[in-house]
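> Fold the following.
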Amino acid sequence: MATQELKEICCDSGGTSRNPDGLELLPVHNQESVDDVCCGPPAGPASSEHERPGYDLCPFVESFKQTPVGAVPKVKTALTPGDRFNTFKVRLGLNRDQYKVAPGLYCLGDATETSPVLVTANYKLTFDNLRKELSGLAVWILVLDTRGINVWCAAGKKTFSTQEVIQRVKQTRLGEVVRHKKLILPQLSATGVSAKLVHRGCDFKVIWGPIRATDIKAFLQSDMRAERDMRMVTFTLPERLVLIPVELYFLRKYLLWILLASFFLSGIGTDLFSIQMAWRRGLIIFTGCLLGILAGAVAAPLLLPWLPLRAFALKGLITGLVLAITMLLGLGHMVDLIESITLILLIVTISSYLAMNFTGSTPYTSPSGVEKEMRVAIPIQAGAMLLVPIGWVAASFIF
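Take a look at the predicted model:
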């Protein structure tokens, strides 16, 4: 019998199979095999009672816990291969702006009305880093709407704020779920949250937790007392390394325009435009751009603790100057004086500007210090970049 005909059979429980017109087609000797052929594969698991049209249950939700305010998602502590792959993509800058979880109340383990409440950002990388450190614990997790930004940056941008904490506590009716009236906030959120105003606004006391999620279990087990090293902000080599791929990824969209501009400017000369000059000089200045990126986005963060001077713009200037001199030594007599000066200006400026991107990731500077540095450095960097095309084109006319 053809497959299409089998699909049209309607199985009944009377030992025969009938088509939609009610005509008997064949005796059923093995009802299970006929069901497999006629009615498709065995049914999968039933849909969750919490599913809604247009919404999917997140893979990190394993079940739901009934509370006085309704069902609360219960999350897993183990990260799946999908979680790790998405973390890898986000570290490269892919889909970074949309990597977030829904704000609200979650639970972990057999949380009760006496379980602690941890407050975090809705950036999924932050959420994942927290939940994977909570294995074996029973806690509530209150996720704020930080627009998909991590705790430290969100506090600086005022999305991890006093008002957001108060609003989220009231919206989730947290006071009906727990009775201890305590919130554990990450220490890095302190710049955006006033503990006094939170208590006044929602009657919950703020307890400042440790800086790193890896310390949260020890913090809870020691009756919410933080050791000195739990309060210390670090910026180690591995912590600096993970920032580099994101910086490089964001620069990719500019490389084609830089390449085109390099070859166009390099071909301008006394013959109006020379393909030979565009190729030879274009490769040189484009290489200079790449070295500037390498100096500011890779060398500067890697060597950060050992570079002199406090300002990041000056640290980038140093790494850029070293690579610029190295390039000129390699080129030898292939470039003249004006071209050499222009290349130094180009590499140093790019490096200085890119190094400043790391100011918001480190404990080396304060927000006011960053603002002051940028007010001084950016106009100088902009002026220097205006001189680069002028110097590069002028060199082909003078020599």
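> going forward, measure contacts between C-alpha atoms and count neighbours the same way
OK.
> Quick check: residue 279 touching residue 263?
Yes - applying Cα atoms under 8 Å as the test, residue 279 and residue 263 come out as touching, 6.4 Å apart.
> Quick check on those two: which one has the bigger neighbour count.
residue 263 (21 against 15; other Cα atoms under 10 Å).
> so the more buried one is in which element?
helix 244-267 (DSSP states H and E).
> before we move on, what about residue 314?
According to DSSP H and E, residue 314 maps onto helix 312-331.
> helices or strands up against that helix?
Other elements packing on helix 312-331 under the criterion 3 or more Cα pairs under 8 Å, 6 or more residues apart in numbering; DSSP states H and E are helix 275-294, helix 300-302, helix 337-355.
> about what we covered before: which parts of the helix holding residue 263 are buried?
244, 246, 247, 248, 259, 262, 263, 264, 265, 266, 267 (16 or more other Cα atoms under 10 Å).
> ok, and the closest non-adjacent residue to the fourth one?
By the measure of Cα to Cα, 6 or more residues apart in numbering, the closest residue to residue 248 outside its immediate chain neighbours is residue 297, 7.0 Å from it.
> Also the fifth one?
For residue 259, the nearest residue in space outside its immediate sequence neighbours is residue 286; the separation is 6.1 Å by Cα to Cα, 6+ apart.
> Make sure that neighbour is actually in contact with residue 258.
Yes - counting by Cα under 8 Å, residue 286 does reach residue 258; the two are 7.2 Å apart.
> list the contacts for residue 60?
Going by Cα atoms under 8 Å, 6 or more residues apart in numbering, residue 60 touches 75, 76, 79.
> PyMOL command to pick out the buried ones of those?
The PyMOL command for the buried members of these (criterion: 16+ other Cα under 10 Å) is given here:
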select buried, resi 75+76
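> What about the contacts of residue 60, which are in helices?
Counting by DSSP state H, none of the members of the contacts of residue 60 fall within helices.
> which ones among the contacts of residue 60 are found in strands?
Among those, the ones falling in strands (DSSP state E) are residue 75.
> Name the nearest of the contacts of residue 60 relative to residue 115.
Closest to residue 115 out of these is residue 75 (15.2 Å), distances taken as Cα to Cα.
> those strands in this protein, which residues are they?
Taking DSSP E, the strands of the chain run over residues 10-11, 16-18, 24-27, 61-67, 70-75, 104-108, 117-120, 139-143, 182-185, 205-208, 268-269, 272-273.
> Using CSV, list the CA coordinates for stretch 82-99.
The C-alpha coordinates for stretch 82-99 follow below in CSV (Å, rounded to 0.1, in the frame of the first residue of the first chain):
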residue,chain,number,x,y,z
GLY,A,82,24.6,25.1,24.2
ASP,A,83,25.2,27.5,27.1
ARG,A,84,29.0,27.1,26.7
PHE,A,85,28.8,27.6,23.0
ASN,A,86,26.7,30.8,23.4
THR,A,87,29.2,32.0,25.9
PHE,A,88,32.0,31.5,23.4
LYS,A,89,30.1,33.4,20.8
VAL,A,90,29.4,36.3,23.2
ARG,A,91,33.1,36.4,24.1
LEU,A,92,33.7,37.1,20.4
GLY,A,93,31.0,39.8,20.4
LEU,A,94,28.4,37.8,18.5
ASN,A,95,24.8,38.6,19.5
ARG,A,96,26.1,40.3,22.6
ASP,A,97,23.4,42.9,22.8
GLN,A,98,20.6,40.3,22.9
TYR,A,99,22.2,37.8,25.3
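> Residues in contact with stretch 48-58: which ones?
Around stretch 48-58, nothing counts as a contact under Cα under 8 Å, 6+ apart.
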